[in-house]
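Peer 1: Just the structure for this:
(4 chains)
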There are 2 protein chains.
Amino acid sequence: MEFKEAKNKFVQTWGALGSQWGINKTMAQIHALLMVAHEPLSMEDIMEELHISRGNASMNLRSLMDWGIIYKELKPGERREFFVAEKDLDELAVKVAQERSRREIKPALKVLKEVSTANITNTSAEAKQFKDQTSKLYDFVLKADNMIEKVTEYKDNWLARLVMKVMK
Amino acid sequence: MEFKEAKNKFVQTWGALGSQWGINKTMAQIHALLMVAHEPLSMEDIMEELHISRGNASMNLRSLMDWGIIYKELKPGERREFFVAEKDLDELAVKVAQERSRREIKPALKVLKEVSTANITNTSAEAKQFKDQTSKLYDFVLKADNMIEKVTEYKDNWLARLVMKVMK
DNA sequence: CTAAACTTTCAAAAATAATTGAAAATAAAT
DNA sequence: ATTTATTTTCAATTATTTTTGAAAGTTTAG
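Peer 2: Take a look at the predicted model:
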């Protein structure tokens, strides 16, 4: 397999994976490209390599920066902006976990708390089961979210440490 | 908040969450509905409660069964089929983790192995960095996937156990 | 200050994914 | 064997998401 072919396969696969996890394909592809790049890429570079429009590149680069998993890099004497990806995988996983917690899990927890503690007058078995199950769900998700917080505090090498603990 | 309102809020929220994680909205909503139902629901019940078509209900019920997180239940003397959700949250999480591993992580690992070990003639710094980073990614994802396998073997109360380990 | 280089925005278009509904299939009852 | 109840399939439609591209916005240089 030639380099270009391998790189393309990697970028495509990463993009498809992203889609399945609710991340738009182009965003995941740009991320893939930057992860394996050995030097900062300009927007122009990215547009060219992925055959995408300027607007698309701009918007997805911003999203990736909002996730905190790519950075702008300014080259002295250069007018345009360059981008690099966080290449440390522990750090990447921590960032993704923290963002998903903040954007999705925390708001879901809020709703779960609301509905599970709502003062429901209805005394049917159905209403009882609802309260019971949503309470359990709240506890479960809260526990999982706390674990994410705890685990991602380590920053360095958290996965390896966790594997150790689990294996022993 | 009244029961119907609370239930609706829960179902809607679960559906939106599903979307963000790459699961179609209706599928997540059906799952939510069955999770808090105190008795098995027929397809008719589900169609009515969610205002969806028969075809949509049928297809998404099948998907949920393929994931192994809802079951068919036959009532004696009843012609039509009823459905119940796995209500044990540990079991639910294990099933979801195992399916995602099987469907998405394992195939991704295969590609990562391929591209990271490809016999690339190109000796540029770029090609070198590509091999290096994809190898690291392969190791990382493999480790994470192994952890999922290990953790989900417990079946019972795996999250609580993991939390214990992490906290201590 | 003005032009040139570059980036962002956003309405419209295109692509993708989800949903419908009716016909076909299946299974049970008479 | 035929009718009736129920589920599945899938082509067509509808809804949602993504992408484009040109105009507006910014920033640096001269």
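
Peer 1: can you list the residues of chain A near DNA strand D?
Peer 2: A:24-27, A:51-56, A:59-60, A:77, A:79 (CB under 7 Å from any atom of the strand). To be clear about C-beta, it is placed using only N, CA and C from the backbone, and glycine gets the same treatment.

Peer 1: repeat that for 10 Å
Peer 2: Taking CB under 10 Å from any atom of the strand as the contact definition, chain A meets DNA strand D at A:15, A:18-19, A:22-30, A:47, A:50-60, A:63, A:74, A:76-81.

Peer 1: Of the residues you listed, just the buried ones, PyMOL syntax please.
Peer 2: PyMOL command restricting the residues of chain A next to DNA strand D to the buried ones, with burial defined by 16 or more other CB atoms under 10 Å in any protein chain shown:
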select buried, chain A and resi 15+18+23+25+26+27+28+29+30+47+50+56+57+60+63
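
Peer 1: Just the residues of chain A next to DNA strand D: which are in strands?
Peer 2: Taking DSSP state E, the ones among the residues of chain A next to DNA strand D that sit in strands are A:74, A:81.

Peer 1: what residues are up against the nearest residue to residue A:44 once chain neighbours are set aside?
Peer 2: The shortest distance from residue A:44 to any non-neighbouring residue, by CB to CB, 6 or more residues apart in numbering or on different chains, is to residue A:80 (7.3 Å). Applying CB atoms under 8 Å, 6 or more residues apart in numbering or on different chains, one finds that residue A:80 lies in contact with A:42-44.

Peer 1: Residue A:38 now?
Peer 2: Residue A:38 touches B:125-126, B:128-130, counting by CB under 8 Å, 6+ apart.

Peer 1: which of those tops the neighbour count?
Peer 2: residue B:130 (24 neighbours; other CB atoms under 10 Å in any protein chain shown).

Peer 1: Relative to residue B:19, how far out is the most centrally placed residue in chain A?
Peer 2: Central residue of chain A (CA atoms, centre = their mean): residue A:96, 3.4 Å from the mean position. Distance, residue A:96 to residue B:19, by CB to CB, to the nearest Å: 18 Å.

Peer 1: same question, residue A:34
Peer 2: In terms of CB to CB, residue A:34 sits 26 Å off from residue B:19.

Peer 1: Residue A:55 now?
Peer 2: 24 Å.

Peer 1: Equivalent analysis for residue A:102, please.
Peer 2: Distance from residue A:102 to residue B:19, counting by CB to CB: 18 Å.

Peer 1: Repeat that for residue A:91.
Peer 2: Taking CB to CB, one finds residue A:91 at 27 Å from residue B:19.

Peer 1: Per the annotation, how does chain A divide into domains?
Peer 2: A:3-85, A:89-167 (automatic domain parsing).

Peer 1: looking at these, which has the lowest confidence?
Peer 2: Ranked by mean pLDDT, the domains of chain A end with domain A:89-167 at the bottom, a mean of 89.

Peer 1: element containing the residue nearest to residue A:13 when sequence neighbours are not counted, please.
Peer 2: Nearest residue to residue A:13 in three dimensions, chain neighbours excluded: residue B:111, at 4.5 Å (CB to CB, 6+ apart). Assigned by DSSP states H and E, residue B:111 belongs to helix B:106-117.

Peer 1: looking just at contacts, which helices and strands does that helix meet?
Peer 2: Packing partners of helix B:106-117 (3 or more CB pairs under 8 Å, 6 or more residues apart in numbering or on different chains; DSSP states H and E): helix A:3-20, helix B:125-153.

Peer 1: what does chain A have sitting close to DNA strand C?
Peer 2: A:16, A:19-20, A:22, A:24-25, A:42-44, A:46-47, A:53-62, A:65, A:72, A:74, A:78-83.

Peer 1: One more pass at 7 Å, please.
Peer 2: Going by CB under 7 Å from any atom of the strand, the residues of chain A near DNA strand C are A:19, A:42-44, A:54-55, A:58-59, A:61-62, A:78-81.

Peer 1: Helices - which of the residues you listed land there?
Peer 2: Among the residues of chain A next to DNA strand C, the members falling in helices (DSSP state H) are A:19, A:43-44, A:54-55, A:58-59, A:61-62.

Peer 1: who does the residue nearest to residue A:72 when sequence neighbours are not counted bridge with?
Peer 2: Counting by CB to CB, 6+ apart, residue A:72 lies nearest to residue A:81, which is 5.3 Å off, once chain neighbours are set aside. With DSSP bridges as the criterion, residue A:81 is bridged to residue A:74.
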